[in-house]
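Trainee: model the structure of this input:
(4 chains)
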Number of protein chains: 4
Amino acid sequence: MRTGTWLIGARGSVAVTSMIGALAVRAGLIAPTGCVLESPALRERIRPGIADLVFGGHDVTSVPLEKKAAELAGSGVVPAALAQAVKDDLAAVEQRVRPLPAAPTQAGTAHAIADDLDRFRRQNDLDRVVVINVSTTEPAPAPHPAHASLDDLRAALADPLSATDPVLPPSSLAAYAALTAGCPYVDFTPSTGARLPALDALARERGLPYAGHDGKTGETLVKSVLAPMFAQRNLKVRTWSGINLLGGGDGANLARPGANAAKSASKQRVLPETLGYLPQGETRIDYLEDLGDFKTAWDLVTFEGFLGTGMRMEFTWHGCDSALAAPLVLDLARLTAAAHHAGRAGPLPGLAFFFKDPLGEVPHGLADQWRTLCDLVTSLTPEPTP
Amino acid sequence: MRTGTWLIGARGSVAVTSMIGALAVRAGLIAPTGCVLESPALRERIRPGIADLVFGGHDVTSVPLEKKAAELAGSGVVPAALAQAVKDDLAAVEQRVRPLPAAPTQAGTAHAIADDLDRFRRQNDLDRVVVINVSTTEPAPAPHPAHASLDDLRAALADPLSATDPVLPPSSLAAYAALTAGCPYVDFTPSTGARLPALDALARERGLPYAGHDGKTGETLVKSVLAPMFAQRNLKVRTWSGINLLGGGDGANLARPGANAAKSASKQRVLPETLGYLPQGETRIDYLEDLGDFKTAWDLVTFEGFLGTGMRMEFTWHGCDSALAAPLVLDLARLTAAAHHAGRAGPLPGLAFFFKDPLGEVPHGLADQWRTLCDLVTSLTPEPTP
Amino acid sequence: MRTGTWLIGARGSVAVTSMIGALAVRAGLIAPTGCVLESPALRERIRPGIADLVFGGHDVTSVPLEKKAAELAGSGVVPAALAQAVKDDLAAVEQRVRPLPAAPTQAGTAHAIADDLDRFRRQNDLDRVVVINVSTTEPAPAPHPAHASLDDLRAALADPLSATDPVLPPSSLAAYAALTAGCPYVDFTPSTGARLPALDALARERGLPYAGHDGKTGETLVKSVLAPMFAQRNLKVRTWSGINLLGGGDGANLARPGANAAKSASKQRVLPETLGYLPQGETRIDYLEDLGDFKTAWDLVTFEGFLGTGMRMEFTWHGCDSALAAPLVLDLARLTAAAHHAGRAGPLPGLAFFFKDPLGEVPHGLADQWRTLCDLVTSLTPEPTP
Amino acid sequence: MRTGTWLIGARGSVAVTSMIGALAVRAGLIAPTGCVLESPALRERIRPGIADLVFGGHDVTSVPLEKKAAELAGSGVVPAALAQAVKDDLAAVEQRVRPLPAAPTQAGTAHAIADDLDRFRRQNDLDRVVVINVSTTEPAPAPHPAHASLDDLRAALADPLSATDPVLPPSSLAAYAALTAGCPYVDFTPSTGARLPALDALARERGLPYAGHDGKTGETLVKSVLAPMFAQRNLKVRTWSGINLLGGGDGANLARPGANAAKSASKQRVLPETLGYLPQGETRIDYLEDLGDFKTAWDLVTFEGFLGTGMRMEFTWHGCDSALAAPLVLDLARLTAAAHHAGRAGPLPGLAFFFKDPLGEVPHGLADQWRTLCDLVTSLTPEPTP
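Mentor: Numbers count the residues shown, from 1 in each chain, chains lettered A, B, ... in the order given. All right, here's what the predicted structure looks like:
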């Protein structure tokens, strides 16, 4: 069950960490720590396995994967010896990473993307290809009437104006191309991706699953267990404020107001969804170049107990975003491939566990999301042959 | 459905905060914040309600409830105006608090305790009485052969030697007396309580439910949501260390080595139960008189992600133990009364949500405990009459 | 040595806490905790003493002092019993608080302010009056050519246009009026105050001392001891980021972009001044109404040691700004009065200890500021009569 | 001015980090970050310089320096490339590290140690040799009457009983041997070292300086700036509690009760010395093997401000002890050598800046210690030749 994993943003930190990790797991060099599908509860249930994943992708930059791997080793994300050990395998992936195409219309660009996906599938003898967006976060796009209808969208994309005045933001154009080429689409970023009525219609027309948005790797992950705790204990959260200090390419991009707003909104959603009300406070994102691939988040929660007594909780999370995100990318590739194999189409609510801002009517507390994921895994696990 | 709530340690902070809170809720002066059975998910399901609870109890000290209420107001646990508003109702409770009896044998003492419970029930026209231990933590008692068999226990308690060389620690003697008097027993402390084979046999013989141990009010509560998060994400916890700084009577008692050891053990159990392994690290308890009824706990968790990357999380919890414990005491009185009404006997695994060290084969992650509690509530909710 | 203390913003939290505290110290009800001049090292050196201070002031609001005192008691800043105990004395202060005047020109307004100061001095038989600005922070004013010269300033203030297009921001107009009336001026806020060449000239012409800016009460205080520590140990600070969460009127005002920028700039200055370079990172201020008069600040410092090893430090400061500021207001009134008495004119560098953004060429590390303060106190201490 | 630096514990983390760092600074490979004598304020004042230091030492283990260097590189204390770059120089140091001698009497052992020191000096053509103890912390030794008098000590050491029932703990025997051989002695650990009347007499007899105790590298360093801040602001510290979680050889040793007690006492001394009173609370040390050479300390300070308002501060320090200690070892070698050159004898109070538990009547606040150090440096700086 050879499965293509086509990464939009294939030369970025998350993508290259995913590739190195998958190659190292396949070679038996490391344990699959951080891979949810390899936890004791879910192990050996989902096919394809990590070893079945074949990587390729698009990127706007041309930094060689090997150079990016060296950077990651230098900043402590990837052990230098491991980067060395998978060097040849990574060179093979390098052959399958292509520049992001551009054509006179957005329809033309989508066509070229789809061609790349087709070629990837044929040349590597793949059962299917999953497209996952791990590129930098876009600002929220302006609304466009063609977003509401697949026919209108097709027409608008074919209009030559679409080259200079885009109908779709890059993430949605990638989703369009992926679905057109018969590939499931996952958005690991807060960008728009497949989250438009016209693209939902396309996914259902083609019988394809999709998932998103915004991989849940740190502060929001912790919020998604603490907020239900306060709710279940009937403690009243008065304020919840947080600050995220992050470096790396992600940090630099999120320092731009548009992307920052998109991300902050995504991070706060868990509170009203699990508490039933929105406490005072905001989540800030600040860029600190010097932190590199690491991130420090601090949250302060003030709450009220019996007789109105005021209490408080603080937490600090110091994590490596790439190391937290990369194993989830592998999980998502496998789960989306298995869902496609099982004939699922449309959004996959069972993947809410992985996202800050999951699609559909889904639970936002981590424990409920975990249960939904376990149910999905069970439904996708092949019956043992008697 | 008037329900007696007999508190062992009736003049302590937790007990008096429970009483004031219940009286204030009944009078409509405050919202039942912190009462789990009054959260949106469970509201108006369990009878008796808070207003149905009638308080009484034993204590070794004779500090008047009103004086304790003034102390609690002085230290910020109870608003002074509220203590004033329920003054008359609290004076009525004062009439129902008695000194802890003592007799020439432990059997005699148990008999006197049971007599007090009987009188409380009759004089107040109560449907049933639930006994809840909120007194200070005992050191773990020496094992005794009579703990294993109800017959042996009865014989040993009647032996005059039992007065000077006790067979049962005080919490277990209270449990024995309660069960003998037909009352369910709940232990909110880490003390032994009903957790002996002979007492389990007695509970089953008398058709009585019991529950415990050690109310989960702060650091362990947080652990019980964070540890499952790490497990579900397949992140490897390397170390988990904590320190609890607490004042008040509880703190002074826990500073004694015996009680400290009992408590620390109770606090660590959640980790191996939810992670599947025990990380390095210990939980310390230090007494800081100046903190009064407030407690500050700090925990450091170091963990390993994909490719072995080291990461870390810290949290600080600053809570008021009495304000966190008191509403749970009300929940436990109501749930245990409803379980008794429904004919349940033996330990109540559905109450694991409330305890650091719950009885029986129960889940230790808070989310699973919450589901078990919801199932229990559903099973105890009377069918609506058609 | 009866000394008038005229507070601009006399009905605000800092002002009323200062008044209550001074009255309570004079009545022997509390110890002067937080008063620097009452620390063991400096005790009984400076005249006037706290008991010599007579309060009055201006404010734009008309909330009675007694009502403000009740609010402060409600939010835990002032013990309710203390507010009650000084009630009569506070009512006497109430008689000396007046609405901030307004006239057809800024010169006219200044004249009216000066008249109020004169009347306060005469009616209360005061040796001198010190004016202290504790009102809300202003946005930085637009530059104006008349700021550079006292003659030009006088002319511009007399121009009728000055009523609608102000030459001076309110804090500087208050400073102008104070100096005109022969009163030393202290700015406890980041506002402009006397920090203009024309006003410096006026102070020197009149032989009056002045001081500022921005009382150092929390996060910056801690920074002013930690930054020198890193410098002395030759540890290289890579990043220093902070967030301040604060409620109260101060927080609401600082949430406005203009005031926020003025304050944040003031808070960062200590780093380059003590480290010799500016590390990456910013200081944020967020408004959380629910925190009331309390403030929580969190700072993350990452630094590099021998062989480039990366290390980190975090701190959380949870303080009550009014309770930290009020005793410093008393210190500043006493020190400025003593300096005036001793014939000092112009900025007082010896008061840098009290300010985030002190005037003049002064040290920014707290220890050096402390030494400068001790030297000032010594120079102002009257020789014991033989 | 070639200066021998003889390290007791020469194969430990601190020693080997010192050696690698000094060799790398001499080779121009790294900046001397963390070296106090290389900070802008003190640079190029003290001779010998780092490049003048020649290393040797004793150790009870025989792990090769190169192997220890590889371990330090593996745990992130030393960059692997740097360890490689100084490999040959480190091999030369290896030739000068000898096993700790043992003889039938303690006098014999001391004689053998002194012989090693003499040989080191002669063979390497050194102007002088400074002995610095960086070995693991000893439990406090039993008092012995011979500690009080040099004559008695000499007699007791020569007694054959001293081999089995030691008169001096190892650190003090090393100090005795060093002083006998004409070498200044510095104790970087909390062990007894030269801190005995008999050894003080010996140092003065021989005209030798000595210093100690217990290098101030983390939590205590921060305390030594925060405690004076609270004192200067006349804020009343109610409680100060801390926990230190540390791994490495140091952690394992400090987990033993004797050493733990010695260290904890040393860490708390700064509080009464700078505050003028001892607040409630204790400092704990816990061993967490997994933390390796890194240490995390957390402190909670609760304090009281004006009108009794309760406030609090927390800090977390996450540092690498070897990287913090090693540059101080270089500073101490240079300063002690310069003091010896200048004819100083007895304890060196000017070095209090470096120690948790400094010798003599010295300031305990870091700022005052800094000033004392600057004065010492000035007094030791050679006059520029006109």
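
Trainee: ok, now which ones touch A:Leu29?
Mentor: By CB atoms under 8 Å, 6 or more residues apart in numbering or on different chains, the residues touching A:Leu29 are A:Leu82, A:Ala85, A:Val86. Where C-beta positions appear, they are placed from N, C-alpha and C, glycine not excepted.

Trainee: so who does the second one touch?
Mentor: Listed by CB under 8 Å, 6+ apart, the contact set of A:Ala85 reads A:Ala24, A:Ala27, A:Leu29.

Trainee: out of these, which is nearest to chain D?
Mentor: Relative to chain D, the closest of the contacts of A:Ala85 is A:Leu29; by CB to the nearest CB it sits at 17.0 Å.

Trainee: looks to me like that closest one is in a helix.
Mentor: No. Assigned with DSSP: H, G, I helix; E, B strand; the rest coil, A:Leu29 falls outside any helix and is coil.

Trainee: and it, backbone torsions?
Mentor: phi -80, psi -30 (degrees, to the nearest 10).

Trainee: what about the helices in chain A?
Mentor: Assigned by DSSP state H, the helices in chain A fall at A:13-26, A:65-74, A:80-85, A:87-94, A:106-123, A:150-158, A:170-180, A:197-206, A:219-232, A:248-254, A:257-268, A:270-275, A:321-341, A:366-380.

Trainee: now those helices as CSV including distance to D:Lys295?
Mentor: Listed next are the helices of chain A as CSV, based on distance: least, CB to CB, whole Å:
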stretch, distance to D:Lys295
helix A:13-26, 29
helix A:65-74, 25
helix A:80-85, 25
helix A:87-94, 36
helix A:106-123, 49
helix A:150-158, 58
helix A:170-180, 44
helix A:197-206, 52
helix A:219-232, 24
helix A:248-254, 27
helix A:257-268, 32
helix A:270-275, 34
helix A:321-341, 23
helix A:366-380, 32
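
Trainee: format those helices as TSV; extra columns: mean pLDDT.
Mentor: Output for the helices of chain A, formatted as TSV (pLDDT from 0 to 100):
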stretch	mean pLDDT
helix A:13-26	97
helix A:65-74	95
helix A:80-85	94
helix A:87-94	98
helix A:106-123	98
helix A:150-158	97
helix A:170-180	98
helix A:197-206	98
helix A:219-232	96
helix A:248-254	71
helix A:257-268	72
helix A:270-275	94
helix A:321-341	97
helix A:366-380	96
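
Trainee: between the contacts of A:Leu29, which is nearest D:Gly215?
Mentor: Comparing the contacts of A:Leu29 against D:Gly215 with CB to CB places A:Leu82 closest, at 36.0 Å.

Trainee: ok, the closest one - how many residues close by?
Mentor: When neighbours are defined as other CB atoms under 10 Å in any protein chain shown, A:Leu82 has 21 of them.

Trainee: contact partners for the closest residue in space to it that isn't next to it in sequence?
Mentor: The shortest distance from A:Leu82 to any non-neighbouring residue, by CB to CB, 6 or more residues apart in numbering or on different chains, is to A:Ala24 (5.4 Å). Shown in contact with A:Ala24 (CB under 8 Å, 6+ apart): A:Ile30, A:Leu82, A:Ala85, A:Val86, B:Leu307.

Trainee: what of A:Ser172?
Mentor: So A:Ser172 contacts A:Pro141, A:Ser191, A:Thr192, A:Gly193, A:Ala194, A:Arg195, A:Leu196, A:Leu199 (CB under 8 Å, 6+ apart).

Trainee: go again with 7 Å.
Mentor: A:Ser172 makes contact with A:Thr192, A:Gly193, A:Leu196, A:Leu199 under the criterion CB atoms under 7 Å, 6 or more residues apart in numbering or on different chains.

Trainee: now swap in A:Met311 and tell me
Mentor: By CB under 7 Å, 6+ apart, A:Met311 lies in contact with A:Phe303, A:Gly305, B:His318, B:Gly319, B:Cys320.

Trainee: now swap in A:Pro349 and tell me
Mentor: A:Pro349 touches A:Gly360, A:Val362, A:Thr372, counting by CB under 7 Å, 6+ apart.
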